[in-house]
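Participant: Provide a 3D model corresponding to the input given below.
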Amino acid sequence: MLSRARTIYLISPQRWDAPPVSKHHYARRLAAHGHRVYFIEPPRRDVRGITLTPGPHPGLTRVTYATLTPYRLKFHARPLFDALMRLEARRLRRAIGVAPDIVWDFDNAYQFASLAPFGARLAVFHPVDDLPPGRRGTKGAHLVLANAPRYLARLRLAASRAPAAARAPAHAVIPHGLAEPFIARAKAVCDDPAAAGHPVPDGERPPVVAMVGNLARPGIDWAAIDAMARRLPATRFVMVGPHGGDATTGAGAGAGPPDAVRARPNVVFAGAMSSAAILHLARRVDVWLMAYDGTRDRDGATNPHKLLEYLATGKAVVSNWVEAYAGRDLVAMPPTLDNTPLPDLLAATLGRLAVVDAPAERIRRAAFTLSFSYDAHLARIGRLMAEACPRDEARSAIGGVVSERS
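Facilitator: Residues are numbered from 1 along each chain as shown. Here you go, the predicted structure:
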C-alpha cells in the first residue's frame, strides 16, 4: 500500500484512550502501513509540558500536552487565542523533533485555526462531525474531507468566500470507515450467514434489541426509547456504552438515561464494551437500535458510524431517520425526524424476524459494508493527496502515500 514512509501529525479531538473512533482507526492503519504517526491529543489540564509516548502500535507516538496559552481565551478572546495557538503549533513541532510531511486534522472544534504553522508539505482538514456555530474556515488546508455532503457544503461555502487570490482547497466526501474486526465479521456473514448467530425459535427467549454508543450524549431520544420499552415489555433492551461523565470520551457529559428508563425491568445497561465484546453480543441480538433526536442532534441524523457497524453484523437495524441511509432499504426508519413511529416500527420489525433476519438479508447488509474499510478509504485519500499537493512542492512527497493495488 505504501511506497514511501511519511511523517504524519494526526490531530485528534479525542484522546488516544477514548473509545476508538475514526481518528484512532486511521492512525492505526497508517502506522501499520509504515508511516510514522504522531497522534496529537487535545490539550489537557492534568499534564505539564509536552510528552511523547511511543506505542501502543509500532510507528505510532501519542503526543499529550498542556498549552502555555490560557485556555479560557478560546471562549472569551478567540482572535488572540488563534494567534497564540500558532505559537503552540510551532512548540509542538519543536518537541516532536521531526518535521511533518502531512498534517491531518480531524478537529472540528478549531483548536488550531490555521495548519500552516506546522510547516507540513500537505495539510488536510477532515471533520467527521458538524462544525460549531461561527466556525466555517478550512484552516488553510490543501485538501478538505468530510463524511457527509452537508458538512462539506458548509466548508466549501467558506472557501467560496475567500479572497480571489486564495487557492480553494480540493475537497471530497469520504464516508465513515469500518474497523477491521467488523470487516472480518461482515466477510464471515457473507461466506456463511450463520456467522451472524443462529436464529432462536419463537418463545425460547425474549427478543433482544441492542443500542451501542455514548449514552451520555445529549441528543439521545430517551423518550422514544422509554416508549419502545413500554410498548414491548417482553423484549430485552441492552444499552451498551458509557452513560455518565467520562473525561476520555471527548463528548462531555449529557443528561444520560433518565430514571424512568433505568427503572424499566426489560432495560439493561451493560456499560462500555470492546469491539470484540460487541461482536460477541451481536450473535444474540435480534435487532439493532439507534434513537437520536435529529432536531437536537443533527449528527445523529446525518451519518452515524454505528449504523455501519450494525450492518456489518448482518442483523436488522431500526433507527431514527438518517440522511445517509434514506432510500437505501438497509435500515428501517421513520420518513422524517419525528421519532413517534419508532415503537410501532420496532414492533413490526420484531414481528417479521423470519423475513428481515433471513440468510439473504443478512448477506445483503453485510456485503454493503465491505467497501468501507479504512484501507480502501486510504487508497482513495492517497490519490486525492497526490492531486492536491501544492505545485511548488515535490509531488513525490505525497504521491506514494497510498497505492490502489494494496
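Participant: Could you list every helix and strand that whichever helix in the chain runs longest packs against?
Facilitator: Criterion DSSP state H: the longest helix present in the chain is helix 78-96. Contact analysis of helix 78-96 by 3 or more CB pairs under 8 Å, 6 or more residues apart in numbering; DSSP states H and E lists strand 7-11, strand 50-54, strand 60-65, helix 73-76 as its packing neighbours. Every C-beta, even on glycine, is put in place using the N, C-alpha and C of the backbone.
Participant: Can you report how many residues lie near residue 314?
Facilitator: Residue 314 is flanked by 27 other residues according to other CB atoms under 10 Å.
Participant: repeat for residue 271
Facilitator: 12.
Participant: next one: residue 352
Facilitator: 13.
Participant: Report how many residues lie close to residue 94.
Facilitator: Neighbours around residue 94, by other CB under 10 Å: 9.
Participant: show me what contacts it?
Facilitator: By CB atoms under 8 Å, 6 or more residues apart in numbering, residue 94 lies in contact with nothing.
Participant: go on, residue 49?
Facilitator: Counting by CB under 8 Å, 6+ apart, residue 49 has contacts 65, 66.
Participant: Can you give me the distance of it to residue 111?
Facilitator: 17 Å (CB to CB, to the nearest Å).
Participant: do the same with residue 308
Facilitator: Counting by CB to CB - residue 308 and residue 111 are separated by 27 Å.
Participant: okay, residue 57: pLDDT?
Facilitator: Looking at residue 57, its pLDDT reads 91.
Participant: all helices for the chain, in order.
Facilitator: Going by DSSP H, the chain shows helices at 22-32, 73-76, 78-96, 149-160, 180-191, 222-231, 259-262, 275-282, 305-312, 342-351, 353-356, 359-369, 374-388, 396-399.
Participant: Compare those helices and say which comes out lowest on pLDDT.
Facilitator: Among the helices of the chain, helix 396-399 scores lowest, with a mean of 42.
Participant: show me where pLDDT drops low in the stretch 151-300 of the chain?
Facilitator: 156-167, 200-203, 244-255, 297-300 (pLDDT under 70).
Participant: All the strands of it, in order from the start?
Facilitator: According to DSSP state E, counting those that start in this stretch, the stretch 151-300 of the chain carries its strands in the segments 170-173, 208-212, 236-240, 267-271, 287-290.
Participant: These: which one's closest to residue 188?
Facilitator: strand 287-290 (17.2 Å; CB to CB).
Participant: Convert the C-alpha atoms of that closest one to PDB, please.
Facilitator: Coordinates of the C-alpha atoms in strand 287-290 are reproduced here as PDB (Å, rounded to 0.1, in the frame of the first residue of the first chain):
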ATOM      1  CA  VAL A 287     -32.400  -6.100  16.100                       C
ATOM      2  CA  TRP A 288     -30.000  -3.200  16.500                       C
ATOM      3  CA  LEU A 289     -31.400   0.200  17.600                       C
ATOM      4  CA  MET A 290     -30.400   3.800  17.200                       C
END
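Participant: Give the closest residue to residue 242 in space, chain neighbours not counted.
Facilitator: With sequence-adjacent residues excluded and distances taken as CB to CB, 6 or more residues apart in numbering, residue 242 is closest to residue 272, at 5.1 Å.
Participant: Same question for residue 295.
Facilitator: Residue 295 sits nearest to residue 337 (CB to CB, 6+ apart), 5.5 Å away.
Participant: do the same with residue 215
Facilitator: residue 243 (3.7 Å).
Participant: Give me the number of neighbouring residues for that neighbour.
Facilitator: Count around residue 243 with other CB under 10 Å applied: 23.
Participant: list the contacts for it?
Facilitator: Taking CB under 8 Å, 6+ apart, we find residue 243 in contact with 215, 216, 256, 257, 269, 271.
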